[in-house]
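> Coordinates for the following, if possible.
(one chain, ligands or ions: 2)
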Amino acid sequence: MARFTLPRDLYHGKGALEALKTLKGTRAMVCVGGGSMKRFGFLDKVVSYLKEAGMEVELFEGIEPDPSVDTVMRGAEAMLAFQPDWIVAIGGGSPIDAAKAMWIKYEYPEITFEEMCVVFGIPELRKKAHFCAIPSTSGTATEVTAFSVITDYKKGVKYPLADFEITPDVAIVDPELAETMPKKLTAHTGMDAMTHAIEAYVSTANCEFTDPLAIFAIKMIQEDLVGSYNGDMTKRASMHNAQCLAGMAFSNALLGIVHSMAHKTGAVFEDLGAHIIHGAANAMYLPKVIAFNAKDETAKKRYGVIADYMGLGGANDDEKVANLIAYLRGMNDALNIPQCIKNYGADALPCEQGFVPENVFLQRLPEIAKNAVADACTGSNPRKISVEEMEKLLKCCYYDTEVDF
Ligand SMILES: NC(=O)c1ccc[n+]([C@@H]2O[C@H](COP(=O)([O-])OP(=O)(O)OC[C@H]3O[C@@H](n4cnc5c(N)ncnc54)[C@H](O)[C@@H]3O)[C@@H](O)[C@H]2O)c1
Ligand SMILES: [Zn+2]
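Ligands and ions are numbered 1, 2, ... in the order given. Next comes the predicted model:
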C-alpha cells in the first residue's frame, strides 16, 4: 500500500494571500524570516487579513536561512506561551521548515530533536494547531511537502524531518510574493525545484499519482526558469506553480542522492564561510548523479522519458541521458551557477563569500560521504550506492570530472 498526501486546501494565483481572511480560529502565530517579507509589505497584509478573520496575532520573527535546532526550540517556547490554534509560516523554505519543526515541539513539548528526526515517526499533530504555509521563493515547495530541513550547527549537518503529519493543512501559492526575489535566489530555488521533479520521477517510490506532477513540472521549469531569472514576471508566476507541482510529486515519491549530498555538504564548510546554498548544490550535483544513476537500466529509461518530454532528441537512451545532462549543465550556465564545488566561491560564480579549498574538501570527504549515504533521501535513489562510490561521486562534483563508474 502506498499513500499520497497533500494539503487539504491550496489557494493559488495573484491575490491568493487574501484566503487568510477565511481561516477559522482564535490565535495565529505568524512565523517569518529576517525581513524581506516585512520590507515588501507582505507581513503587514498577513497580519491584517488574519485580524480580519477575527484572530489575535503574534509574530515570531527573525528565523535565519537554514534554520537551527536552537531557533526551533525558541519558536516552540513562544508557541507554548501564546497557545496558537493556527501557525502561519510565510517566507522561503527556511522559516516554513522551522515553523513545521516548532509545531511538533509545541504539540509535544517533551519530544527531543533526535526523536523528531525519526523518518515517518512524528506523533499525531493538530491537537493544538493547524498549519498554513505561504512560500515566497519558488523552489522548496515546503508548503505542500511532508518535509522540514533543520540544521544542527554543532555537527554541521542538515537533518530532513519527514512525515505526512507535517504536510501543511493550507498552502497559499501567491505569485506576487515571488516577484521580489533577487536573481540569484530565483536561480538557486528554481534548480532546487528542477532537482525535486527529476529525483521524484526516477525515485523508487514513484507512482502513477506522482509521475504526471513530476514530468509536467520538469517541462514548465525548462520553459520558464531562465526567463524568470531574467525578469519575466509571467514566467516567474509560472515557476511559482511549477515548483509547487514538483513538491507535490516529491513529497509522495521522495527524492534521491542529489539531496543526500546537498544536505551533507551544505553546512559542513560553514567554518570557512563556504555555505553551499541548497539549490546551487543540487544544480551542481544533479548532472553527476544522473550519470551515476543511469547505470541502472530502469533509471536510464526514465531519464530517457524525461529527455523526450523535454524535446531533447537522442536516438537511444544513452544519447538521451547525455542530452539531458548537457541541457541541465546549459541551464546552470544560463543561471550563473558553477558546475562544481571547486568553482563555487569567492573567486568564481556565483560569488559567495567563502570557498572550499581542495585539502579541506579531501580531508572531510570520508565523513561527508558516510553521512550522505546515511541521509534519509538515499533510500529511494534508483541505484544503490556504497560509501566508496559516494566518495568518488563527490570528488566528481568537486572537480567536475566525468562519472565513469
Ligand atoms: N521542506 C522541504 O521540503 C525542503 C525542500 C528543499 C529545501 N528545503 C530547505 O529550505 C531551505 C532553503 O529555502 P529557500 O531556498 O526557500 O530559501 P530561504 O528560505 O533560506 O531564504 C533565502 C533568503 O531569501 C530571502 N527571501 C525569501 N523570499 C524572498 C523574496 N520573495 N524576495 C526577496 N528575498 C526573499 C530570505 O529573507 C533569505 O535571506 C534550506 O534549508 C533547504 O534545505 C526544504
Ligand atoms: Zn531541495
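
> Tell me where the protein has strands.
Remark: strands assigned in the chain by DSSP state E are 9-12, 27-32, 56-60, 86-91, 130-135, 147-152, 157-162, 170-173.

> Which one of the ones you listed lies nearest to ligand 1?
Closest to ligand 1 of the strands of the chain is strand 147-152 (CB to the nearest ligand atom; 3.5 Å). In this view, the C-beta of every residue, glycine as well, is placed from N, C-alpha and C.

> Run the contact check for the closest one versus ligand 1.
Yes: with CB under 6 Å from any ligand atom as the criterion, ligand 1 is reached by strand 147-152 at F147, S148, V149.

> for stretch 46-59, same thing?
No: remark: stretch 46-59 sits outside contact range of ligand 1, by CB under 6 Å from any ligand atom, the gap being at least 13.4 Å.

> How far off centre is that stretch?
Mean-position distance between stretch 46-59 and its chain equals 28 Å (CA atoms, centre = their mean, to the nearest Å).

> Stretch 9-27 and ligand 1 in contact?
No: Stretch 9-27 is not in contact with ligand 1 by CB under 6 Å from any ligand atom; minimum separation 12.5 Å.

> Using PDB, write down the CA coordinates of that stretch.
Extracted in PDB, the C-alpha atoms of stretch 9-27 (Å, rounded to 0.1, in the frame of the first residue of the first chain):
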ATOM      1  CA  ASP A   9      -6.600  23.400   0.500                       C
ATOM      2  CA  LEU A  10      -4.400  25.100  -1.900                       C
ATOM      3  CA  TYR A  11      -5.100  28.700  -2.900                       C
ATOM      4  CA  HIS A  12      -3.200  30.000  -5.900                       C
ATOM      5  CA  GLY A  13      -3.000  32.900  -8.300                       C
ATOM      6  CA  LYS A  14      -2.400  36.600  -7.800                       C
ATOM      7  CA  GLY A  15      -4.100  37.800  -4.600                       C
ATOM      8  CA  ALA A  16      -4.400  34.400  -3.100                       C
ATOM      9  CA  LEU A  17      -2.900  35.700   0.100                       C
ATOM     10  CA  GLU A  18      -6.400  37.100   0.900                       C
ATOM     11  CA  ALA A  19      -7.500  33.500   1.600                       C
ATOM     12  CA  LEU A  20      -6.100  34.100   5.100                       C
ATOM     13  CA  LYS A  21      -9.300  36.000   5.800                       C
ATOM     14  CA  THR A  22     -11.200  32.700   5.600                       C
ATOM     15  CA  LEU A  23      -9.200  30.800   8.200                       C
ATOM     16  CA  LYS A  24     -11.300  29.900  11.300                       C
ATOM     17  CA  GLY A  25      -9.500  30.200  14.700                       C
ATOM     18  CA  THR A  26      -8.700  32.400  17.600                       C
ATOM     19  CA  ARG A  27      -5.000  32.800  17.800                       C
END
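
> Give the buried residues for it.
L10, Y11, A16, L17, A19, L20, L23, G25, R27 (16 or more other CB atoms under 10 Å).
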